[in-house]
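S.K.: Using only what follows, build the 3D model:
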Amino acid sequence: MEKPLLIASDVDGTLLDVTERITARTAAVVNRAITAGTPFLLVSGRPPRWIPPIAEQANLTGYAVCANGAVLYDIGADRVLSAHTLDPILLQDVANVLDEVLPGSALASERHNPSATLESFVGERDYISPWGDADKLAKPRAEVLGHPAVKLLVRHPDMTSEQMAAATVPLLEDSVTLTFSTSRGLLEISKIGVTKATGLADAAKQFGVGQADVIAFGDMPNDIPMLSWAGHGVAMSNGHPDVLAVADEITATNSEDGVAQVLERWF
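M.R.: Numbers count the residues shown, from 1 in each chain. Next up is the predicted model:
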């Protein structure tokens, strides 16, 4: 492609190396791009509260697309600009289906609440979080499902994410968006039609940048809509096979500065 006018990157397994850091080489090219006037967006399954420690490593103060496209977050202002939520009735309906097809699974919900009167993350006692927040667990299901959520998370101790998706997508794909960012028995559920692609498209409008001028990087199935939407979708060679299959280009691994190797063509 020609020099991109907007850069979008997944975080875990893509921008971060295996130690969960942005390397000096990658940070340098990100900053050269920003200095040249090209916005750099973090597009992640992470919630907003997990974005600032990553942004600080590359001096990023612009926008981040969080929760797989459900939230647009202003990093510098520490403010959520928009959020797409699942309502409690739908959450309960989805949970009923999950109980039937994935017995033994446990649920957690990620919330956005501008008044800050609710905990941002809550989970059932048996929910084993891959990324911490253990102090917010051990809640009754009524609490997990009782308020609007930007993302419902489903964990199963004895299944891969791929197996979980195969069992649930045929039953729920008309009601919600299902995806996963790890193969370790975790499904991530968002409002129907909400993906990293829709979140990125909304952010691109803020900059007046068209689809063809966007480059995007990712490694897991939750990145597929974004890589497919962008003018040039780049998969990390450490990525999931389904991601490699849809990418316009495959770069080096996240531990080999794969993002930087591509961006250094222009910046």
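
S.K.: Ramachandran coordinates for Thr198?
M.R.: Dihedral pair for Thr198: phi -70, psi -40, per degrees, to the nearest 10.

S.K.: what's the distance between it and Gly258?
M.R.: Distance, Thr198 to Gly258, using CB to CB, to the nearest Å: 25 Å. Heads up, the C-betas are built off the backbone N, CA and C, glycines and all.

S.K.: quick one, which of the two is more surrounded?
M.R.: Each of Thr198 and Gly258 has its neighbours counted (other CB atoms under 10 Å); Gly258 has more, 25 against 21.

S.K.: continuing past the helix ranked longest in the chain, what's the next helix or strand?
M.R.: Counting by DSSP state H, the longest helix found in the chain is helix 88-101. Later in the chain than helix 88-101, the nearest helix or strand by DSSP states H and E is strand 106-110.

S.K.: strands paired with that next one, and their directions?
M.R.: Next to strand 106-110 in the sheet, as set by DSSP bridges, lie strand 121-123 (antiparallel), strand 151-155 (antiparallel).

S.K.: Tell me the buried residues in the longest one?
M.R.: Looking back up the chat, that one is strand 151-155. By neighbour count on 16 or more other CB atoms under 10 Å, the buried set for strand 151-155 is Lys151, Leu152, Leu153, Val154, Arg155.

S.K.: what's the first-to-last distance across stretch 228-248?
M.R.: 8 Å (CA to CA, to the nearest Å).

S.K.: Pull out the buried residues from that stretch.
M.R.: For stretch 228-248, a neighbour-count test (16+ other CB under 10 Å) marks 228-236, 238-240, 243, 247 as buried.

S.K.: quick one: contacts of it?
M.R.: Applying CB atoms under 8 Å, 6 or more residues apart in numbering, the contact partners of stretch 228-248 are 1, 4, 8, 13-14, 183, 197, 200-201, 210-221, 223-224, 226-227, 249-255, 258-259, 262.

S.K.: go on, stretch 10-19?
M.R.: Against stretch 10-19 from outside (CB under 8 Å, 6+ apart): 9, 20, 22-23, 26, 42-46, 54, 181, 196, 217-220, 223, 226, 236, 238-239, 254-255, 257-259.

S.K.: cool, stretch 53-66 as well?
M.R.: So stretch 53-66 is contacted by 8, 11, 15-16, 21-22, 26-27, 30-31, 34, 39-48, 51, 71-76, 81, 150, 196, 199-200, 202-203, 206 (CB under 8 Å, 6+ apart).

S.K.: Could you rerun that using 7 Å?
M.R.: Stretch 53-66 has contacts (CB atoms under 7 Å, 6 or more residues apart in numbering) with 11, 21-22, 27, 30-31, 39-44, 46-48, 51, 72-76, 196, 199-200, 203, 206.

S.K.: ok so Val80 is a strand residue?
M.R.: Yes. Using DSSP: H, G, I helix; E, B strand; the rest coil, the assignment for Val80 is a strand.

S.K.: low-scoring pLDDT stretches of the stretch 101-250 of the chain, where are they?
M.R.: Filtered on pLDDT under 70, the stretch 101-250 of the chain yields the residue ranges 114, 132-136.

S.K.: Now do the strands in it.
M.R.: Under the criterion DSSP state E, counting those that start in this stretch, the stretch 101-250 of the chain contains strands at 106-110, 121-123, 151-155, 176-179, 186-191, 214-218, 232-236, 249-251.

S.K.: deepest of those strands, which one?
M.R.: Of all these, strand 214-218 carries the top mean neighbour count, a mean of 29, counting by mean count of other CB atoms under 10 Å.

S.K.: could you check the angle strand 232-236 makes with that strand?
M.R.: For strand 214-218 against strand 232-236, the angle by axes from the mean of the first three to the mean of the last three CA atoms, to 10 degrees is 20 degrees.
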